[in-house]
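J.: here is my input; please provide its structure:
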Amino acid sequence: MANPHLETEKARKQLMNLERPRKLKMLVVDDEPDNLDLLYRTFRRDFNVLKADSGISALEILAAEGEVAVIISDQRMPEMKGTEFLSKTLPQFPDTVRIILTGFTDIEDLVEAINSGQVYKYITKPWDPGELKEVVQRAAATYDLLKQRTEELRRANAQTDLLTILVEVTQAATSLKEMLVPVAQAFSEAFSADACILQLLTEKTLIDTKGIYSEMTIAEDFLASDPLTEEAIASGQVQLSLNVPKDPKLNSLEQYKQAGIQAHLVIPINYRGETLSILSLQWRQPSFLREDELTLIHLSAQLVAIALVSSRHSQVIG
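T.: Numbering: from 1, shown residues only. Sure thing, here's the model as predicted:
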């Protein structure tokens, strides 16, 4: 079996080259055009700034754009106060950090909103641009930390579930064919992939026995003509392209375009020098895998290899 540490290091370097800084999205809400334009100009260099002139308009923007990192809202607006607007965003976007702009006379209205966690900070008018920038930077850092912790928890749970499912499936399956789809589903869910294929080999040749779990339309024979799969079978090592549009070997291939695949990871399932199957993970967006995830993939692949060998020795392919 190939050295997982060497493969992990190779993949880590490729992943580092794909990382790009990104601008967080921010929504500013104020019914006064001058204030709205000032807020936009203040933050447009550091954020992808969305503008709304009312709470109702802001809710429509969030429905179309999805989650934003930070919301700055004026308190006194016609139709809907800032605190009322922000309270409506809390159920769907709990991680968004909310800031209120308010006059001194409105502070009592903010106490309940702040105590209930709807508002991170209030800034009194007229605000100091330097102070507001500092507050927003702290708010963005808070958002990043919340998302990081949420993602780490999700990944930890997914990884635990993957290992548990692999053990359960391999113990319960009565044939090789029966275990392929559940294993493909477990890998897909653990790594947030849009599709996963687990296809068996005989003497380094793909055979028709496979399990496919997919949320997108993908050809049944996709792996048969895939360059990464060919390389994985020939070398017995992991092959990956985590940004297909920038990969000259893959970006012109019709099968990738038709399925909308923008990232592809191919793992050969090896046992004592023999490649038993190919595990293919595919995403519709350029992907990113951490070192601990790559390590988990190798560990899980070893479990699958042991399960395949055990099942092959005791069962006939169903």
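
J.: for the rest of this, base every contact and every neighbour count on C-alpha atoms.
T.: Will do.

J.: for this structure, what spans make up the strands?
T.: Using DSSP state E, the strands of the chain run over 24-29, 47-52, 70-74, 97-102, 121-124, 195-202, 205-214, 239-241, 263-271, 274-283.

J.: winner for burial among the ones you listed?
T.: strand 70-74 (a mean of 27; mean count of other CA atoms under 10 Å).

J.: by how many degrees do that strand and strand 97-102 diverge?
T.: Interaxial angle of strand 70-74 relative to strand 97-102 (axes from the mean of the first three to the mean of the last three CA atoms, to 10 degrees): 20 degrees.

J.: sheet partners, orientation included, of strand 70-74?
T.: In the sheet, strand 70-74 lines up against strand 24-29 (parallel), strand 97-102 (parallel) (DSSP bridges).

J.: before we move on, back to that, dump the strands of the chain to TSV, plus mean pLDDT.
T.: TSV is the format used below for the strands of the chain (pLDDT from 0 to 100):
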stretch	mean pLDDT
strand 24-29	96
strand 47-52	96
strand 70-74	95
strand 97-102	92
strand 121-124	87
strand 195-202	93
strand 205-214	92
strand 239-241	91
strand 263-271	93
strand 274-283	93
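
J.: would you reformat those as JSON lines and include distance to Asp37?
T.: JSON lines is the format used below for those (distance: least, CA to CA, whole Å):
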{"stretch": "strand 24-29", "distance to Asp37": "9"}
{"stretch": "strand 47-52", "distance to Asp37": "8"}
{"stretch": "strand 70-74", "distance to Asp37": "13"}
{"stretch": "strand 97-102", "distance to Asp37": "15"}
{"stretch": "strand 121-124", "distance to Asp37": "17"}
{"stretch": "strand 195-202", "distance to Asp37": "44"}
{"stretch": "strand 205-214", "distance to Asp37": "45"}
{"stretch": "strand 239-241", "distance to Asp37": "42"}
{"stretch": "strand 263-271", "distance to Asp37": "39"}
{"stretch": "strand 274-283", "distance to Asp37": "38"}
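
J.: which residues touch Pro268?
T.: Each residue near Pro268 by CA atoms under 8 Å, 6 or more residues apart in numbering is listed here: 232-233, 236-238, 275-279, 301.

J.: what are the ranges of the helices in this structure?
T.: 4-18, 33-43, 55-65, 82-89, 107-115, 129-172, 176-190, 227-235, 254-259, 291-314 (DSSP state H).

J.: gap between stretch 54-69 and the chain center?
T.: 21 Å (CA atoms, centre = their mean, to the nearest Å).

J.: what comes up buried for that stretch?
T.: Neighbour-count burial for stretch 54-69, counted by 16 or more other CA atoms under 10 Å, picks out 54-55, 58-59, 61-62, 67-69.

J.: who touches that stretch?
T.: So stretch 54-69 is contacted by 24-27, 29-31, 51-52, 77-82, 85, 89, 93, 95-97, 140, 143 (CA under 8 Å, 6+ apart).

J.: avg pLDDT for it?
T.: Stretch 54-69 carries an average pLDDT of 95.

J.: can you report how many residues lie near the closest residue to Ser311 other than its chain neighbours?
T.: With CA to CA, 6 or more residues apart in numbering as the criterion, Ser311 has its nearest non-adjacent residue at 5.9 Å, and that residue is Leu176. For Leu176, the count of nearby residues is 23 (other CA atoms under 10 Å).

J.: can you tell me how far Leu176 is from Ile207?
T.: For Leu176, the distance to Ile207 (CA to CA, to the nearest Å) stands at 13 Å.

J.: repeat that for Asn157.
T.: For Asn157, the distance to Ile207 equals 33 Å [CA to CA].

J.: pLDDT weak spots in the chain?
T.: Scanning the chain for pLDDT under 70 picks out 1-22, 104-109, 112-113, 115-117, 155, 170, 172-174, 312-318.

J.: and it, split by domain according to the record?
T.: Annotated domains of the chain cover 21-147, 173-314 [automatic domain parsing].

J.: Thr164: which of those domains is closest?
T.: domain 173-314 (9.5 Å; CA to CA).

J.: so how far is the closest one from its chain's centroid?
T.: Centre to centre, stretch against its chain (CA atoms, centre = their mean), the figure for domain 173-314 is 19 Å.

J.: list the contacts for the nearest residue to Val135 once chain neighbours are set aside?
T.: Nearest non-adjacent residue to Val135, counting by CA to CA, 6+ apart: Lys121, 7.9 Å away. Counting by CA under 8 Å, 6+ apart, Lys121 touches 98-100, 114, 135.

J.: same check on Ile306?
T.: Ile306 sits in contact with Tyr271, where contact means CA under 8 Å, 6+ apart.

J.: wait, doesn't Leu206 sit right on Leu198?
T.: No. Leu206 is beyond contact range of Leu198, at 10.5 Å (criterion: CA atoms under 8 Å).

J.: common neighbours of the two, please.
T.: Ser277.
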